[in-house]
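**Q** Sequence and computational prediction follow.
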Amino acid sequence: MLNVENADVYTDFNSLAKLKNEAKQKSPDAIKQVAKQFESVFVGMMLKSMRQAKLADGILDNDQSDFYRDMYDQQLSLHLAGENGIGLAAVIERQLNPDQSVAVTREQNIADYARRNSVRKAAKNSQDKISIKPMLDSLTRKSINSAEEFISQLRPYAEQAAKKLGVDANILLSQAALETGWGKSVIKAKDGSSSYNLFNIKADKSWHGARTSAETVEYKQGIAKPESAGFRSYGSYQESFNDYVDFIKTNPRYNNAIKMVGKAERYMHELQQAGYATDPKYADKVLKIFNSKDVQQYSDILVQK
């Protein structure tokens, strides 16, 4: 017997063609599967409307991410219709099958409502909790595999932040490069999604946003010791840069660093002196990257463009 579950993916046109031919015979089984297929189309339209209800496109949205997101939504609609569904298929089946004379009882209405309500809750939870966030991250964010890609992708945000703070954009990129291993070791949340925390700013009592825990290395009396700590989590790299600026400008202990924003080396040494990091060689490590061929060469190329 053909059923909608046999079409494992929404691009399985052979199964859909067979379903269409059997539907012409108006057999009860075919009518049931046609109803489910129609329900999957309806769920797909509903998901598309939900996606379009956002106020504006994200800064990292592009045609490729939209394409793969639409593929995911179509597959998801087929999956939902293939299981309990939202109750629409049962209504369509009763209307298409003239031989079915079973009355719609109060219990059936309650059951249909319960199914619809459970699907609505599941859809809301998927929007709120973003259980598919790791997958969407990979679609909407270009992977960073080199220093050149790191600088190319993040320099626009670094320039905006640098203008607000008054520092050289390259010193911010260098600091982020040290903290994240050129973007390859950005702290992740429990579900595997990115925290987008480029500067490894910790989530202290003053932080009221999302947070995640990770292992880190702290230096105490010059000795490195591993420990677990809570870190701030953002929705994008731009949010990370914005919060870095606010963190530096609103924290009194960095007042001396702010006075030296026009001099990259003095600024970084003042940050370390104020306790931004416990590594005694933190400033030197950042400045080594700052003066490296990678940062200077790639940044000059981007500026010329």
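**A** Thanks, I have it.
**Q** So, low pLDDT: which residues of the stretch 151-300 of the chain?
**A** 297-300 (pLDDT under 70).
**Q** Please, where are all the strands along it?
**A** 211-220, 223-232 (DSSP state E, counting those that start in this stretch).
**Q** Could you figure out how far the last one is turned away from strand 211-220?
**A** It stands for strand 223-232. Using axes from the mean of the first three to the mean of the last three Cα atoms, to 10 degrees, one finds that strand 223-232 and strand 211-220 are set 160 degrees apart in direction.
**Q** what about Ser292, neighbour count?
**A** 15 (other Cβ atoms under 10 Å). C-betas here are computed from N, CA, C, even on glycine.
**Q** And the strands of the stretch 151-300 of the chain: which comes nearest Ser152?
**A** strand 223-232 (24.7 Å; Cβ to Cβ).
**Q** List the contacts of the closest one.
**A** Residues outside strand 223-232 that contact it (Cβ atoms under 8 Å, 6 or more residues apart in numbering): 187, 195, 197, 200-203, 207, 209-219, 243, 279.
**Q** sorry, back to before: looking at the strands of the stretch 151-300 of the chain, which is closest to Tyr157?
**A** strand 223-232 (15.9 Å).
**Q** Pull out the buried positions in the closest one.
**A** Buried residues in strand 223-232, counted by 16 or more other Cβ atoms under 10 Å: 231-232.
**Q** and Asp66, that's in a helix?
**A** Yes. Per DSSP: H, G, I helix; E, B strand; the rest coil, Asp66 lies within a helix segment.
**Q** how much space between it and Gly166?
**A** 37 Å (Cβ to Cβ, to the nearest Å).
**Q** Equivalent analysis for Glu270, please.
**A** Distance from Glu270 to Gly166, by Cβ to Cβ: 13 Å.
**Q** Compare the two (neighbour count), which wins?
**A** Per other Cβ under 10 Å, whichever of Glu270 and Gly166 has more neighbours is Glu270, with 20 against 13.
**Q** I figured the more buried one hits Arg253, correct?
**A** No. With contact defined as Cβ atoms under 8 Å, Glu270 does not reach Arg253; the gap is 10.0 Å.
**Q** Show me the protein divided up by domain.
**A** 4-140, 147-304 (automatic domain parsing).
**Q** Now tabulate the strands of the stretch 151-300 of the chain in JSON lines and tack on distance to Arg266.
**A** Listed next are the strands of the stretch 151-300 of the chain as JSON lines, based on distance: least, Cβ to Cβ, whole Å:
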{"stretch": "strand 211-220", "distance to Arg266": "22"}
{"stretch": "strand 223-232", "distance to Arg266": "26"}
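**Q** Which one of those lies nearest to Glu265?
**A** strand 211-220 (21.1 Å).
**Q** Dump the closest one to PDB, restricted to CA.
**A** Provided in PDB are the C-alpha atoms of strand 211-220 (Å, rounded to 0.1, in the frame of the first residue of the first chain):
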ATOM      1  CA  ARG A 211      24.700  32.500  28.400                       C
ATOM      2  CA  THR A 212      26.600  29.300  28.000                       C
ATOM      3  CA  SER A 213      29.300  27.400  29.900                       C
ATOM      4  CA  ALA A 214      32.700  26.400  28.700                       C
ATOM      5  CA  GLU A 215      36.100  25.300  29.800                       C
ATOM      6  CA  THR A 216      38.700  28.000  30.000                       C
ATOM      7  CA  VAL A 217      42.200  28.600  31.200                       C
ATOM      8  CA  GLU A 218      42.900  31.200  33.900                       C
ATOM      9  CA  TYR A 219      46.300  32.300  35.200                       C
ATOM     10  CA  LYS A 220      46.700  32.500  39.000                       C
END
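**Q** what's the closest non-adjacent residue to Lys48?
**A** Excluding the flanking residues, the one nearest Lys48 by Cβ to Cβ, 6 or more residues apart in numbering is Asp73, at 6.6 Å.
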